[in-house]
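>>> sequence? don't have it. structure:
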C-alpha cells in the first residue's frame, strides 16, 4: 500500500538538500575544518561551573527540577534575565518577559502571533537563515531591507512603514548575522521614531548583542520610546551555552500574555532543569565577566580569519570586518556560485555556509559565510588556505 | 501612547482565566491539596540515577552536551527510543523517528503540517485539553468522537472516515486522558482497518501508554498494517520525568522528513543536555523496571481516590475506575457546574480541573478531573473529604 498524504511538500529548507547533506557529512569528518554554523566556542563553555550548578540543583531541588513548570518560565531565572537586560539598558516588567526554548522559538511564537498570509514583513537582506524560514511559514510578503557592514537601508525602511499601516520589521540592530555589524545610535533613534510614528512593530534579534569587539552596544529596545514598539528576542546560546535551549522575548504586556498562551500550546514550557541550572549558575557567577573573558578569544579568531583571508583569497574576493558576532561575510566574483564550490571545498577539507540562503528574496549565489567562533586560529588559517586553493581551482 | 496591535486576541485558553488564576493560586498554597494537573509523582523520580547520568555526561561529554545538536535528536537516544518502542511491539525505522520537546511539541508539529483551516479532525470527546488547543489553532472542523470508560464511539469513527477522504483523527487508544481507559484489541484492529480502507491518518497519543494497572497494552501503532496509517506520539514525561522536555513521534518516513524541517524551524532542536542525560540513564538503567516499580504506587493512589470517592461523594455523583493513567473523571449531577464549584473548593483546601475544557465542542459543565498521581493516599483522602464538603455546601 502506498502512503498518500493530505499535505503537499510544504516546507522547503533554505539550504538545498545537497548543501545540507554536504555540511552534515563534513561535520562528521575530522579532517574537514568546518566554518559553517554559528556555533559558540565549545572550549569556552564554563563546563565546571555549569556542572556544579546542575549538581546543586539536582541535590537541593531535584523534585522540582524534574517536574513540570509554568509556561512563563522559572521565576528566579525570569528575575535574572530582567537583571541581565537592565545591565544593557533595557527596563523590563515581569509581565513583559517570556522564557522560550531558545531565541528560535521566540521567533516562531512571534511569527505565529503577528503574521498572517499576505501581511507585509520588512526583513534585512541578507539575514539569519532560520528567521527567513520561520517567518516564511506564515507566507508574508517579504520586503527586503538591504543590510551590510555599513548599515541598514533606512530609505527602504521609511518607504515601508510610511506605505503600510502597522507593518512588522525583523532586524538585528546590535549584532547582525551574517555581516557582523551593528547599527549606529542615530539609525536606532530613527528606527524607534519611525515605528512610533507609523505604528510599526520591530522584532529585534539580539542573539549576538553581547558579542561585541569594539565595546558594548545597547539594544534597540533600550532607546527612549522603544518599549511599546520593539520586541526583543535574546538567548543564552551565543554568550553561554546553546545546549540548554533557553532564550527569551520581551514584548508589551498584552502581546506577551498572548505569546505565553501560545508557548503553552507549542511545548507546554521550556525544560525545567536547564532553566534551574542557569538560575543557579547566574546566582554564583557573573555572566558579564564570563562573556568579557570570551570576547578576546573570539576577537583573536576573527583576526586569524581576516589575516588568512588577506593571505589566501584570490583577487576579486571581498569580505566584511566584523565588529560583532561569530562570522565573516564573503563576496565572491559575481560569476562564482558558492553552493557549487562547496562540494570541492569539502573534498579539500573545509566547509562553509553558501550565502544564497541568507537572502529573503532574489538570492545571489556569490556569497558565503565563514564562522570563526568554534575553531582555533591554527585551524582557521589552515581552512582558509584550503578554501583559497578550492577557489583557485574552480 | 497606547499600544495597538496588528492582531486580534487570537488565542483563547480552554480553561477560563478565572479557573487558571484559581489553579495557580491553589498551587502556591501548601494547605490546598491539588488534584489538578497530570503531574507524575515527584517522589518517584529516580533522582539519584538521573543526577549521576547528568554528572557523567558533563564529565565525559561536557562540550557536546552544551553545544548545538542536529534537529532530529541525539543519535544514541534515538536508538534507545527505537528499542523502547520495540519492547512495546512497535517496529520503527530511524528515518521514521523524530525527537521533540515533549509530546506537546510533537502534536504542535503534526497539527501545523497536517491540518489546514476547515479540514476535518476527528477528536475524542472528552480528551486532553492541550490537544484541543493545539489542533484548534489550525481552525479545523472538529468532529467529536464520544470516548469514555467503556470505549470509543466506533460508529462515529466509521461515519467520519467513510464520509471524508483522507481524514485525520486524534485518539489515545492505550491510555485515554481523562477517562483512564484503553481500547480493546478488537477496536484497535477495526481502527487500523478503517484508516487503511479510507486513507485516514490517526495520530495516536501514547503519553500514558505505559501507565497501565491491569497489565501491558500495545499501542495502536503496533497492530498489523498500522505503520503507514498511525502516527505515534510518546514521551518520557509520565514514565520518567517531564522536566527535561523530551518526547518523540513516529510517522511514515516522508512525513517525518517534513516534520524534521518544521522542528528545526520551530526551535532548532530539543535541548542537548536533557537528551544526552536520558541516553546515559537508559544505558545504565532499565526504564521498564523503573516504570514497573512505579505502577503499584500509582495503583495505591488510584485506589485511595476511588475509596475516598465512595466514602465522601454525595448521591448522584459518578466516576470512572481507571485502568491506566493518572486521573479519575467525575460526573456531577447535571445541574452542577464544576467551574463554579472550584472557588469554594479551593477555599475548602482542594483543587481539581473543571471538565468543560476537555470537550472539543458543546462542553457540559458538570464534569471534573481528579488526578491521584502526585499526592499521597493520606492527602488524597483528605482532599476528597474536603471536596465532598464543598459539594454538599453548594
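Alright, I've got the coordinates. Computed from a prediction, not measured in an experiment: that's the story for all the values here.
>>> tell me which parts of the stretch 251-394 of chain A are close to chain B?
A:252, A:254-255, A:258, A:261-262, A:264-274 (C-beta under 8 Å from any C-beta of the partner chain). No exception for glycine: its C-beta is placed from N, CA and C like everyone else's.
>>> domains of chain A?
A:17-45+A:289-393, A:47-284 (automatic domain parsing).
>>> returning to that earlier point: buried subset of the residues of the stretch 251-394 of chain A next to chain B?
With burial judged by 16 or more other C-beta atoms under 10 Å in any protein chain shown, the buried subset of these is A:252, A:255, A:258, A:261-262, A:264-274.
>>> which residue sits closest to residue A:370, ignoring its sequence neighbours?
residue A:35 (4.3 Å; C-beta to C-beta, 6 or more residues apart in numbering or on different chains).
>>> I figured the one you found hits residue A:383, correct?
Yes: counting by C-beta atoms under 8 Å, residue A:383 is a contact partner of residue A:35 at 5.7 Å.
>>> Going along the chain, name the strands of the stretch 101-250 of chain A.
For the stretch 101-250 of chain A, the strands defined by DSSP state E, counting those that start in this stretch occupy A:120-125, A:141-148, A:151-152, A:168-171, A:174-176, A:181-182, A:201-205, A:230-235, A:247-250.
>>> JSON lines for the ones you listed, including distance to residue A:343 and mean pLDDT?
Converted to JSON lines, the strands of the stretch 101-250 of chain A look like this (distance: least, C-beta to C-beta, whole Å; pLDDT from 0 to 100):
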{"stretch": "strand A:120-125", "distance to residue A:343": "26", "mean pLDDT": "96"}
{"stretch": "strand A:141-148", "distance to residue A:343": "28", "mean pLDDT": "97"}
{"stretch": "strand A:151-152", "distance to residue A:343": "34", "mean pLDDT": "97"}
{"stretch": "strand A:168-171", "distance to residue A:343": "32", "mean pLDDT": "97"}
{"stretch": "strand A:174-176", "distance to residue A:343": "29", "mean pLDDT": "96"}
{"stretch": "strand A:181-182", "distance to residue A:343": "30", "mean pLDDT": "98"}
{"stretch": "strand A:201-205", "distance to residue A:343": "31", "mean pLDDT": "97"}
{"stretch": "strand A:230-235", "distance to residue A:343": "32", "mean pLDDT": "98"}
{"stretch": "strand A:247-250", "distance to residue A:343": "34", "mean pLDDT": "98"}
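>>> Dump those strands into CSV; add mean neighbour count and distance to residue B:213 as well.
What follows is the strands of the stretch 101-250 of chain A, written out as CSV (neighbours: other C-beta atoms under 10 Å in any protein chain shown; distance: least, C-beta to C-beta, whole Å):
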stretch, mean neighbour count, distance to residue B:213
strand A:120-125, 24, 52
strand A:141-148, 18, 54
strand A:151-152, 20, 62
strand A:168-171, 26, 51
strand A:174-176, 28, 54
strand A:181-182, 25, 60
strand A:201-205, 26, 49
strand A:230-235, 27, 43
strand A:247-250, 27, 40
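>>> Quick one: the ones you listed as JSON lines, columns for distance to residue A:96 too.
Formatted as JSON lines, the strands of the stretch 101-250 of chain A follow (distance: least, C-beta to C-beta, whole Å):
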{"stretch": "strand A:120-125", "distance to residue A:96": "23"}
{"stretch": "strand A:141-148", "distance to residue A:96": "26"}
{"stretch": "strand A:151-152", "distance to residue A:96": "25"}
{"stretch": "strand A:168-171", "distance to residue A:96": "18"}
{"stretch": "strand A:174-176", "distance to residue A:96": "19"}
{"stretch": "strand A:181-182", "distance to residue A:96": "24"}
{"stretch": "strand A:201-205", "distance to residue A:96": "14"}
{"stretch": "strand A:230-235", "distance to residue A:96": "9"}
{"stretch": "strand A:247-250", "distance to residue A:96": "5"}
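>>> Columns distance to chain B on top of the ones you listed, output as a markdown table?
Formatted as a markdown table, these follow (distance: least, C-beta to the nearest C-beta, whole Å):
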| stretch | distance to chain B |
| --- | --- |
| strand A:120-125 | 10 |
| strand A:141-148 | 14 |
| strand A:151-152 | 22 |
| strand A:168-171 | 7 |
| strand A:174-176 | 18 |
| strand A:181-182 | 23 |
| strand A:201-205 | 7 |
| strand A:230-235 | 10 |
| strand A:247-250 | 9 |
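>>> all helices for the stretch 51-200 of chain A, in order.
A:75-87, A:102-114, A:129-136, A:154-163, A:185-197 (DSSP state H, counting those that start in this stretch).
>>> Then the stretch 201-350 of chain A?
Counting by DSSP H, counting those that start in this stretch, the helices of the stretch 201-350 of chain A are A:253-267, A:272-284, A:287-312, A:338-348.
>>> what would those look like in a markdown table with mean pLDDT and distance to residue B:368?
Below are the helices of the stretch 201-350 of chain A laid out as a markdown table (pLDDT from 0 to 100; distance: least, C-beta to C-beta, whole Å):
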| stretch | mean pLDDT | distance to residue B:368 |
| --- | --- | --- |
| helix A:253-267 | 95 | 21 |
| helix A:272-284 | 98 | 27 |
| helix A:287-312 | 98 | 45 |
| helix A:338-348 | 95 | 58 |
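>>> export these to JSON lines and tack on distance to residue A:52?
Formatted as JSON lines, the helices of the stretch 201-350 of chain A follow (distance: least, C-beta to C-beta, whole Å):
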{"stretch": "helix A:253-267", "distance to residue A:52": "28"}
{"stretch": "helix A:272-284", "distance to residue A:52": "8"}
{"stretch": "helix A:287-312", "distance to residue A:52": "14"}
{"stretch": "helix A:338-348", "distance to residue A:52": "39"}
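>>> Point out the most buried one among the ones you listed.
helix A:272-284 (a mean of 23; mean count of other C-beta atoms under 10 Å in any protein chain shown).
>>> Check which helices and strands that one is in contact with.
helix A:47-65, helix A:75-87, helix B:272-284 (3 or more C-beta pairs under 8 Å, 6 or more residues apart in numbering or on different chains; DSSP states H and E).
>>> now do 10 Å
If you count contacts as 3 or more C-beta pairs under 10 Å, 6 or more residues apart in numbering or on different chains; DSSP states H and E, helix A:272-284 packs onto helix A:47-65, helix A:75-87, strand A:97-100, helix A:287-312, helix B:47-65, helix B:272-284.
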